[in-house]
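Undergrad: Mind folding the following:
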Amino acid sequence: RLINEQVEPITQLIPPTTIEEVRVAMAEANPFGNSSVMFHRESARCQGGYDQRFVFANDFDLWLKLFTMGNGAVLPECLTDIRIVSTSLTRTPQYKLAFAHETLALYQRAAQQFSDDPRARQASQKAFARSGFAYGQALLQAGHRLQGWRWLAWALGHNPVVFFKEWLRPWKQFLQQRWPRAQS
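TA: Numbering: from 1, shown residues only. Next up is the predicted model:
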């Protein structure tokens, strides 16, 4: 569940529950909450554990590595509350830049890892474009204009539909906050 600063529920994420849904979800997002994952320590050790090169997404890296050994599952019940706070580290430009760079690399790996499943392949292509868009935006916010515009152009060329959805997302959120009944 996502909760606000006053510990009021915002929304509850519906996790994938079948192995096919989990594989598709892994190709486009991290469906596992790090604080509620259980795995065999020896399996994680065999895969090198948490890779310290990934500062913000080392959990997702580990899940991808563990999936090379076998399948995982998601319980269909809520085990964790995630508080969304306006002053959190995840809101800073430095975090956004590092996280976008890490997820770009991990979604590229997920695309290769789940390439045998057409739905997962399509989902990973969208996730890869979203990550490229996020990386471009983060670069722009960090003052790296040329690199930022290059990544935005890459995202546009890679998947124009995803690009425009991401480009319009802040406007959609603004309109939904301003006129809640106008949601589609």
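Undergrad: which intervals of this structure have sub-threshold pLDDT?
TA: Under the criterion pLDDT under 70, the flagged ranges of the chain are 90, 180-184.
Undergrad: Check it for its longest helix and report it.
TA: Ranked by residue count and defined by DSSP state H, the top helix of the chain is helix 118-141.
Undergrad: who touches the helix or strand just after that one?
TA: Using DSSP states H and E, the helix or strand that directly follows helix 118-141 along the chain is helix 145-158. Residues outside helix 145-158 that contact it (C-beta atoms under 8 Å, 6 or more residues apart in numbering): 125, 128-130, 132-133, 135-142, 162-163, 166. Bear in mind the C-beta positions are built from the backbone N, C-alpha and C, glycine included.
Undergrad: next SSE after helix 145-158?
TA: Taking DSSP H and E as the definition, the helix or strand that follows helix 145-158 towards the C-terminus is helix 160-178.
Undergrad: List the residues that contact E5.
TA: Remark: with contacts taken as C-beta under 8 Å, 6+ apart, E5 is in contact with 83-86.
Undergrad: So which residue is smack in the middle of the protein?
TA: What sits nearest the mean C-alpha location of the chain, by C-alpha atoms, centre = their mean, is A29, with 4.1 Å.
Undergrad: State the phi and psi torsions of that one.
TA: Here the main-chain torsion angles of A29 (degrees, to the nearest 10) amount to phi -170, psi 170.
Undergrad: One more: I82?
TA: Taking degrees, to the nearest 10, you get phi -110, psi 120 for the backbone angles of I82.
Undergrad: mind listing what it touches?
TA: Neighbouring residues of I82 by C-beta under 8 Å, 6+ apart: 1-3, 33.
Undergrad: Now, of the residues you listed, which are buried?
TA: For these, a burial check counting by 16 or more other C-beta atoms under 10 Å picks out 3, 33.
Undergrad: out of the contacts of I82, which are inside strands?
TA: Applying DSSP state E to the contacts of I82, the entries found in strands are 2-3.
Undergrad: Quick check: the farthest pair among the contacts of I82?
TA: By the measure C-beta to C-beta, I3 and G33 form the most distant pair in these, at 13.2 Å.
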